[in-house]
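A.B. asks: The following comprises the amino acid sequence and a computationally predicted model.
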Amino acid sequence: MKLRTQFDGLTLENPLMPASGPLVGDLEKLSFMRDEAGTGAVVTKTIAPREPKIPKPCIYTDTRRQFVMNSELWSEHPMERWVETFLPAYRKKNDRPLIISVGYSKADMETLIPRLEPFADAFEVSTHYVGTDLSVIADTVRTIRSLTNKPFYMKISPHIPDAENYAKAIKEAGANGVVAINSLGPTININPARRRIEYAPEDGFVWTTGPVIKNLALATVYKIKQAEPDLTVIGVGGVASAEDVVEFLLAGASGVQMLSGALLKGKQLYAKIIRDLPKVLEKFGFDSVEDVIGTELDNPTSYEDELPTLIEEKCIECMLCVKTCPYFAIEFKDRITFAPDKCFSCGLCVSVCPTDAIEMDKLR
């Protein structure tokens, strides 16, 4: 099974790469992604000209509800250490693309890009702390383009109100593409037993990532690709399985990043996803990653009513459909039954059934 993906002169032997964050913050971590995780490209933690002030502790995970809260900012190591130590040592083995993440302002770019240029195959540019003014962001893009001929991708934060116009603005200013999306926030982590805010700086706010933001990320990738088909999109936000990778590729991504999934499930998840990807592609009827990327999504919207049907041999009588039906249309009368005069054809029962014992033709 061919897992290769190519964009903007970069060749990735598989579409998975780490997202910028604590798992790619120094030479040891970058080397892990290359040598043990086996990712198709490696992305650094965001480098800025100044060192951050980070509260301790700063990373909180909720494995039940599948999210991560993080009050880290950018790299805890100064730019000089990256330039003099981490990056030269890492580039001695030059066998896959290295995407260097940088932030945040136009002035920062003027400092960072010339120093990091010798080590980068491409740049990822975080705009997390520069506001929503597209003219400011576009001016930053023009500055970056004047400083490098290498591909660079602007990372969009969820607080940007118009992803399509963001994509248009950065394309016209000279960017190669978008990384979508950055973490969601501001959010807050409250400990009710201790009556306090935890894992946060003085203002109390942190950023949320993980599977809970996946559908927002997918929608942003899809909107950008529909609006600007020529832009490269790298999908990130909620990836935790090979199936998630396929979903992002179908939405319009050419490559996919993951970080929070590994914080929730362990660093071995990168290698597992790459191992799982061939059989997942085969399960869905794809011949390669490029085949997935080239697939146009269908959207068979219907407004016709349809009563669900029960597959009795699959039903374990857990009553979850009865308990969750918002229209009070499901009862148990020796078997699960659906009331035609109440059923709204919403499809909730199909999605909550743990054994796939309920069907609707429209959802097949």
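C.D. replies: Arrived safely, thanks for sending. Numbering: from 1, shown residues only.

A.B. asks: Could I get the contacting residues of the residue most central in space within the chain?
C.D. replies: With distances taken as Cα atoms, centre = their mean, the residue of the chain nearest its centroid is Val236 (1.7 Å). Contacts of Val236 were listed using Cβ atoms under 8 Å, 6 or more residues apart in numbering, and they are 19, 179-182, 217, 256-259. For the C-beta atoms, the positions are set from N, CA and C on the backbone; glycine is no exception.

A.B. asks: 6 Å instead, please
C.D. replies: Contacts here follow Cβ atoms under 6 Å, 6 or more residues apart in numbering; on that basis Val236 touches 19, 179, 257.

A.B. asks: Can you get me a residue count around the last one?
C.D. replies: Neighbour count for Gln257, taken as other Cβ atoms under 10 Å: 26.

A.B. asks: And for the first one?
C.D. replies: Ala19: 26 surrounding residues under other Cβ under 10 Å.

A.B. asks: Contacts only, for it.
C.D. replies: Ala19 sits next to 236, 257, 259 when contact means Cβ under 6 Å, 6+ apart.

A.B. asks: which residues of the stretch 1-150 of the chain fall in strands?
C.D. replies: 5-7, 10-12, 16-18, 42-43, 59-62, 67-70, 98-102, 122-126 (DSSP state E, counting those that start in this stretch).

A.B. asks: for those, which one sits closest to Tyr222?
C.D. replies: Ranking the strands of the stretch 1-150 of the chain by proximity to Tyr222 (Cβ to Cβ) places strand 5-7 first, at 17.2 Å.

A.B. asks: List the buried residues in that closest one.
C.D. replies: With burial defined by 16 or more other Cβ atoms under 10 Å, the residues of strand 5-7 counted as buried are 5, 7.

A.B. asks: Check which helices and strands that strand sits against.
C.D. replies: Contact here means 3 or more Cβ pairs under 6 Å, 6 or more residues apart in numbering; DSSP states H and E; on that basis strand 5-7 packs against no helix or strand.

A.B. asks: Can you give the distance of it from its chain's centre?
C.D. replies: A distance of 18 Å separates the centroid of the chain from that of strand 5-7, by Cα atoms, centre = their mean, to the nearest Å.

A.B. asks: Contacts for that strand next, please.
C.D. replies: If you take Cβ under 6 Å, 6+ apart as the criterion, strand 5-7 is touched by 12, 15, 232, 254-255, 289.

A.B. asks: now, which of those residues lie within helices?
C.D. replies: Of the contacts of strand 5-7, the ones assigned to helices by DSSP state H are Val289.

A.B. asks: which one among the contacts of strand 5-7 gets closest to Pro278?
C.D. replies: The closest of those, once distances to Pro278 are taken by Cβ to Cβ, is Val289, at 9.8 Å.

A.B. asks: for this structure, what are the low-confidence residue spans?
C.D. replies: Low-confidence segments of the chain, defined by pLDDT under 70, are absent; every residue clears the threshold.

A.B. asks: quick check: domain ranges of it?
C.D. replies: Listed domain ranges for the chain are 5-293, 309-363 (source: automatic domain parsing).

A.B. asks: I'd like to know which of those domains lies nearest to Pro300.
C.D. replies: Nearest of the domains of the chain to Pro300, taken as Cβ to Cβ: domain 309-363 at 7.3 Å.
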